[in-house]
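Chemist: Fold the following.
(one chain, ligands or ions: 1)
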Amino acid sequence: MRTLNVTLKNHSYPVFVGAGTLAKSGALLAGCGFKGAPIVISNSTVMRLHGKTLLAALEKEFGKTPVIKIGDGERFKSHESLFGIYDAMFKLRAGRSSWILAFGGGVIGDIAGFAAATFMRGIPFAMIPTTLLSQVDSSIGGKTGVNVPQGKNLIGAFHQPSAVIADTEVLKTLPARELASGLYEVIKYGAIASKSLLGYIEKRLPEILKCGARELEHIIMESAQIKADVVALDEKETGPRAILNYGHTIGHAFEAATHYRKFKHGEGVAWGMIAALRYGREVGLLKETEADRLIKLIRGAGKLPPVKGIRFDDIWNALMLDKKFQHGDIRMILLNKPGKAAIYNGIEKDSLCGFLKKFLAESL
Ligand SMILES: NC(=O)c1ccc[n+]([C@@H]2O[C@H](COP(=O)([O-])OP(=O)(O)OC[C@H]3O[C@@H](n4cnc5c(N)ncnc54)[C@H](O)[C@@H]3O)[C@@H](O)[C@H]2O)c1
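Modeler: Model prediction:
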């Protein structure tokens, strides 16, 4: 097991990474100062696969542990589920000294974190993320929230967990598509901040895709460290944290244009990165060989659902709803070279529009 610390101005916390940490989670959480049984928030899929190990570990340390389950899927990251969680917590007689343990992927982490941020004006919480995406991304940085009919993640709060436990073993039960979806985010971290991480993924891709414990531990630690460093600089996303959104602006547009049904979040990011790499190559920021090498790596991580058939107008409309694309001053995160990203302002609308039309026509 390896540990890294997320060090923030007013709050710091450990992230434990390694095979078998779920079975040790009770002791690890007690060691972080948690007292009394947590209220676990999860779903049936995750509880069926890994609930026994979790509850055995928790009950050994804290005694009988209640579990609140919500439905499985993005559509359950809703205010209905949130109020269901509050209701269940009141029934359990939860109070200001209670604490929440989020056990699941990013959906569970986001909603459980927001319940913790708001229940009785805020109670502590810890996270045991169980997807690769949630281990490298959503469990670090304190963004919590729910979706509303007006859009994704529009109601939320910054609320930092007090501990995160990422067990590489639990990833063995993830469907291949979910694993790939997390891996695209790992590639993103390499693309924006670490050439050596990119080289490592290139070399060890087969082992990573087979869930090799050593390889997963390495890429999770590297990614979590990059995110923790950026978040430490800019906790509330007022400036440099935007760099983490590499591939996300166009990626979100692909997701939104297909009503969040066609692509997993990571797959949208993968397409967003491919588009940004090709755009960077076209405007002369990135060498052709460098862009092609990264695109090959993204393509090698999994099978992406095609963008062919998505209408340009739908993508463009989704982009224009993005705050970064309003007032004519378009901002994009682009790479100068693999491992180094920068924020570019003043991207010309016509050039991007022409590029996207071509991209949609050419991409499969
Ligand atoms: N807060 C943040 O900073 C942040 C960052 C990125 C993404 N997110 C959010 O994260 C969510 C996406 O997260 P996700 O990709 O983890 O999706 P998810 O939570 O929907 O999980 C994907 C699927 O895998 C299942 N699952 C989870 N763990 C499993 C395991 N070990 N074995 C088998 N199946 C398992 C889940 O039940 C679900 O069906 C989105 O809502 C996104 O907005 C938040």
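Chemist: how about the residues of the stretch 101-250 of the chain near the ligand?
Modeler: By C-beta under 6 Å from any ligand atom, the part of the stretch 101-250 of the chain that sits against the ligand consists of 104-108, 110, 130-131, 133-134, 137-138, 141, 143, 153, 170, 173-174, 178, 181. Every residue, glycine included, has its C-beta placed from N, CA and C.
Chemist: Quick check on those: which are buried?
Modeler: Buried members of those, counted by 16 or more other C-beta atoms under 10 Å: 104-108, 110, 130-131, 133-134, 137-138, 141, 143, 170, 174, 178, 181.
Chemist: tell me what the longest helix seen in the chain is packed against?
Modeler: In the chain, taking DSSP state H as the definition, the longest helix is helix 213-233. Judged by 3 or more C-beta pairs under 8 Å, 6 or more residues apart in numbering; DSSP states H and E, the packing partners of helix 213-233 are strand 2-7, strand 12-18, helix 176-193, helix 195-209.
Chemist: I'd like these as JSON lines, with mean pLDDT appended.
Modeler: Converted to JSON lines, the helices and strands packed on helix 213-233 look like this (pLDDT from 0 to 100):
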{"stretch": "strand 2-7", "mean pLDDT": "96"}
{"stretch": "strand 12-18", "mean pLDDT": "97"}
{"stretch": "helix 176-193", "mean pLDDT": "97"}
{"stretch": "helix 195-209", "mean pLDDT": "98"}
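Chemist: okay, the ones you listed, which one's buried deepest?
Modeler: Among the helices and strands packed on helix 213-233, helix 176-193 has the highest mean neighbour count (mean count of other C-beta atoms under 10 Å), at a mean of 24.
Chemist: sorry, back to before: out of the residues of the stretch 101-250 of the chain next to the ligand, list just those in helices.
Modeler: 106, 107, 108, 110, 133, 178, 181.
Chemist: Identify, from those, the entry nearest to the ligand.
Modeler: Proximity to the ligand was ranked across those by C-beta to the nearest ligand atom; first place goes to residue 106, at 2.0 Å.
Chemist: I'd guessed the closest one sits against residue 132; true?
Modeler: No. Look at residue 106 against residue 132 with C-beta atoms under 8 Å: they stay out of range, at 10.3 Å.
Chemist: For residue 319, find the nearest of the helices and strands packed on helix 213-233.
Modeler: Within the helices and strands packed on helix 213-233, the stretch nearest residue 319 is helix 176-193; the backing value is 19.0 Å (C-beta to C-beta).
Chemist: How far away from the center of its chain is that closest one?
Modeler: Relative to its chain's centre, helix 176-193 lies at 9 Å (C-alpha atoms, centre = their mean, to the nearest Å).
Chemist: wait, is residue 117 part of a helix?
Modeler: Yes. Assessed by DSSP: H, G, I helix; E, B strand; the rest coil, residue 117 belongs to a helix.
Chemist: what's the distance between the residue lying closest to it once chain neighbours are set aside and residue 116?
Modeler: Among residues not flanking residue 117 along the chain, residue 159 sits closest, at 3.5 Å (C-beta to C-beta, 6 or more residues apart in numbering). Taking C-beta to C-beta, to the nearest Å as the measure, residue 159 falls 6 Å from residue 116.
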